[in-house]
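Sequence first, predicted coordinates after that:
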Amino acid sequence: MAGAVLLVISLNAIRKLIAELPEGTLRNRWYLLRTMIISFLIGYLGYTFVYWQSHMSTGDLMVPAVFFLGGWFVWLVSYLSLRTTLDIRRLVLLEQENITDPLTGVFNRRYLERRLVDEIAMARRYDLPLSILMMDIDHFKSINDTYGHLEGDLVLHRVAKLAAHTVREADIVARYGGEEILVIAPNTMINTAETLAERLRVEIQTASLLSPDVQTDPPRKVTVSIGVACFNHEMRGSRDLINGADEALYRAKGGGRNRVVVNG
């Protein structure tokens, strides 16, 4: 009966494993394996019931021994699969936490700087265009002073999330610092980046980003200023590219805010 106990324990491990898997082919295959184990368990119990206390020699114990080793094997595979799945999930979560800004939910500056270096290296090697957008929330201090820092944090979070949903799938959105959000736009010419920045500016301006309980009448709009810069081979690295976008952002804020300015 020890083999049957091992199979039951295996079914419990597989149940936990299936709960960790997303819907799809892989999960269905584990359902199939669970069905096979149940069939194996039924056969094991049926054999035990029929031949219980009827063995007369050592050779008669061969089949129960095979059943027992099979149950042990199934349990070991199920257990190791569950442990591996949980370990991979934990590593993925740790990696995600390591590269994600906890306030905004987009990438953090550490990941941004590493990714920008890689994108510049690729742009330089294959002569590809590369643009970045430096975005700053207008009058953010006034939002904090008027509605409190908690509301300011919520506005920053909503702006970052809206930016992440507005840009293209290949673009990278990260919090650069404070209320500044930076977007890396790989394989993107400066005119396309300007169009993307303008679309982003309009989306933020027209969205309701303040909480309903603090909203005024008429509604106060949250706006952003955006500086756009494109990589060129005269730049020494990521710092020059960021400085270019920062200079354009400075001109956008000095020119009245809620606008896009392109450097070069």
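Good, I have the coordinates.

burial measure for Val224, as a count.
29 (other CB atoms under 10 Å). Backbone N, C-alpha and C define where each C-beta goes, glycine included.

Please read the previous query as pertaining to Lys253.
18.

ok, now Phe73?
Neighbour number of Phe73 under other CB under 10 Å is 12.

tell me the SS of it?
When classified by DSSP: H, G, I helix; E, B strand; the rest coil, Phe73 comes out as helix.

can you check the one 10 residues further on too?
Local secondary structure at Arg83 is given as helix here, using three-state DSSP.

Compute the number of surrounding residues for it.
Arg83 has 12 neighbouring residues, counting by other CB under 10 Å.

check contacts around Ile120.
Leu130, Phe231, Met235, Gly237, Ser238, Leu241 (CB atoms under 8 Å, 6 or more residues apart in numbering).

gap between the fifth one and Ile99?
Separation of Ser238 from Ile99 (CB to CB, to the nearest Å) stands at 17 Å.

More neighbours: those two, which one.
Ser238 (21 against 15).

got a pLDDT number for Met36?
Predicted confidence (pLDDT) at Met36: the value is 77.

Which strand or helix spans it?
Per DSSP states H and E, Met36 falls inside helix 25-51.

How about Glu23?
Counting by DSSP H and E, Glu23 is found in no helix or strand.

name the helices or strands packed onto the helix holding Met36?
helix 2-20, helix 62-99 (3 or more CB pairs under 8 Å, 6 or more residues apart in numbering; DSSP states H and E).

Confidence-wise, which of those helices is weakest overall?
If you rank those by mean pLDDT, helix 62-99 sits at the bottom with a mean of 70.

Which SSE is immediately downstream of that one?
Following helix 62-99 toward the C-terminus (DSSP H and E): helix 109-126.

Quick check: buried residues in that next one?
Across helix 109-126, burial judged by 16 or more other CB atoms under 10 Å covers Tyr111, Leu112, Glu113, Arg115, Leu116, Glu119, Ile120, Ala123.
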